[in-house]
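1. Need a 3D model of the sequence below.
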Amino acid sequence: MTSTAPQTTAPIDGAALLNEVEAFHRRFNVFPTEAAYVAVTLWDAHAHLIDAFDSTPRIAFLSPEPGSGKSRALEIVETLVPNRMAAVDASPSALFRAVSGIEGERPTIVFDEIDTVFGPKAGENEQLRGFLNAGHRRGRLMYRCVGDGSNQTVQGFPSYCAVAMAGLGSLPDTILTRSVIIRMRRRAWNEKVEPFRQGIHEPQGNVLRDRLAVWAGQVRDRVQGAWPEMPDGVTDRPADVWEPLLAVADAAGGTWPQRARAACVQLVKASQGDDKGSLGIRLLTDLRDHVLIGVDRLPTIAVVDRLNALDDAPWADLQGKPLDSRRLSRMLRDYVTADNEPITSRNIRTSGGVLKGYYAVDLHDAWQRYCPPPPEIPLQALHPLLPSSDGTAA
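-> Numbers count the residues shown, from 1 in each chain. Predicted coordinates:
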């Protein structure tokens with residue numbers, strides 16, 4: 001008599017499976033660091049488990065020049081993730097419907113040439129940016145009017161889904177901070193990879209994809225609600241980005257928990273260097289590290305001259321014009337002092353009279369809150385300057 005009892009799937013060794021996924025990437029991709037291989041492998045696996053997490057990090061392969069392997073990296077990711085959906089030509093409404101499940105199973109969005117979306121016409125793609133931002137967190141809805149004419153109603157569309165991107169240059173800050181960033185570069189002459197043949201190698205990746213799906217089902221209960229231990233110093237948004245990946249590593253076991261945390265520290269530190277992509281943070285950092293270094297105050301004219309003289313800095317050419325005192329003032333007023341007052345110029349008494357300028361003490365709180373730590377030398381607390389009888393700092 002034939003048994004009708006359901007067949008049970010043998011437990012899959014998660015560490016060994018992730019090793020195979022990493023090896024598959026290494027056949028076709030040259031990533032800039034070992035940390036990148038770890039992060040991408042964990043991201044592939046997390047895409048099968050995103051319903052177990054409160055957030056899903058985006059992964060972005062970015063480079064300054066074409067021919068750096070971004071699209072190939074995305075092609076390999078496509079073979080390993082569930083329900084891939086190429087989104088380069090998809091409209092925001094199509095993405096809303098796909099992710100909400102209206103058109104079938106929720107997809108993993110794969111977005112090549114993302115620079116064409118957030119380049120010169122970025123203002124025309126605010127809906128898409130909002131979608132990518134909202135979909136980082138489970139439960140966020142994108143609200144749209146549906147219907148015709150006067151019969152329209154407001155409907156909330158789920159936006160939570162895994163997203164992999166590739167493109168030239170950078171991304172809006174709001175997306176960068178929700179992403180694991182892999183800075184790709186062209187292969188050196190001695191860096192060899194296997195040519196990717198879609199008809200041959202895509203099925204091989206799909207076999208790994210299906211095994212990842214089975215393994216995900218086996219560890220889902222263990223991953224659900226897990227709070228993986230974060231490396232020292234990884235908090236706030238970087239912690240949101242890395243928690244799912246570390247949870248996957250912990251579930252896999254072997255060397256993956258240690259490798260994942262080492263990769264987390266390395267890539268988070270690299271992403272903090274990317275904060276200089278924010279012009280305001282770049283200004284604060286340059287003021288701390290190059291302009292007000294060794295002095296507690298400086299006239300505005302000297303601040304502007306020093307900024308414009310910095311090599312490899314944007315200040316001498318801001319849309320064709322050098323930084324001036326008016327723009328400096330506008331930019332610094334967006335930040336506040338420890339007393340929650342806008343950072344503004346104040347009187348500085350010099351041998352030639354009284355000039356307007358900036359005090360390090362006024363910038364100290366913003367430096368602590370926004371700037372990456374200075375190399376090797378921690379920020380030291382600055383003692384407030386005592387005001388003189390005429391209201392200026394002594």
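2. Please name the residues that touch the nearest residue to Val146 once chain neighbours are set aside.
-> Distances taken as C-beta to C-beta, 6 or more residues apart in numbering place Gln155 nearest to Val146, at 4.8 Å, with adjacent residues excluded. In this view, the C-beta of every residue, glycine as well, is placed from N, C-alpha and C. Counting by C-beta atoms under 8 Å, 6 or more residues apart in numbering, Gln155 touches 143-146.
3. Parallel or antiparallel, which strands does the worst-scoring helix or strand of the chain on mean pLDDT pair with?
-> Taking mean pLDDT, DSSP states H and E as the measure, the helices and strands of the chain show their lowest mean at strand 141-146, namely a mean of 72. Note on strand 141-146: by DSSP bridges, its sheet partners are strand 153-158 (antiparallel).
4. Can I get the strand it pairs with in CSV, CA atoms only?
-> Below are the C-alpha coordinates for strand 153-158, written out as CSV (Å, rounded to 0.1, in the frame of the first residue of the first chain):
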residue,chain,number,x,y,z
THR,A,153,-11.8,57.3,-4.3
VAL,A,154,-8.5,57.3,-2.3
GLN,A,155,-6.8,53.9,-2.1
GLY,A,156,-3.7,52.9,-0.2
PHE,A,157,-1.3,50.7,-2.1
PRO,A,158,1.3,48.6,-0.2
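5. Distance of Phe28 relative to Leu74?
-> 11 Å (C-beta to C-beta, to the nearest Å).
6. Equivalent analysis for Phe131, please.
-> Phe131 is 19 Å from Leu74, by C-beta to C-beta.
7. measure the nearest residue to Gly69 once chain neighbours are set aside to Phe61 for me?
-> Closest residue to Gly69 apart from its sequence neighbours, by C-beta to C-beta, 6+ apart: Met184 at 5.3 Å. In this view, Met184 and Phe61 are 5 Å apart by C-beta to C-beta.
8. Overlap of the contact sets of the two?
-> 69-70, 73.
9. So which of those residues are in strands?
-> Among those, DSSP state E puts none in strands.
10. of the residues you listed, buried ones?
-> Among the shared contacts of Met184 and Phe61, those classed as buried by 16 or more other C-beta atoms under 10 Å are 69-70, 73.
11. CSV for those, including pLDDT and distance to Val291?
-> Converted to CSV, those look like this (pLDDT from 0 to 100; distance: C-beta to C-beta, whole Å):
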residue, pLDDT, distance to Val291
Gly69, 93, 38
Lys70, 94, 36
Ala73, 96, 39
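12. picking up where we left off before, buried ones among the contacts of Gln155?
-> By 16+ other C-beta under 10 Å, those give no buried members at all.
13. Tell me the one of those nearest Ala87?
-> Distance to Ala87 across those (C-beta to C-beta) is lowest for Arg144, with 17.5 Å.
14. Might one say that the closest one is in contact with Leu95?
-> No: using C-beta atoms under 8 Å, Arg144 is not in contact with Leu95; the gap is 11.4 Å.
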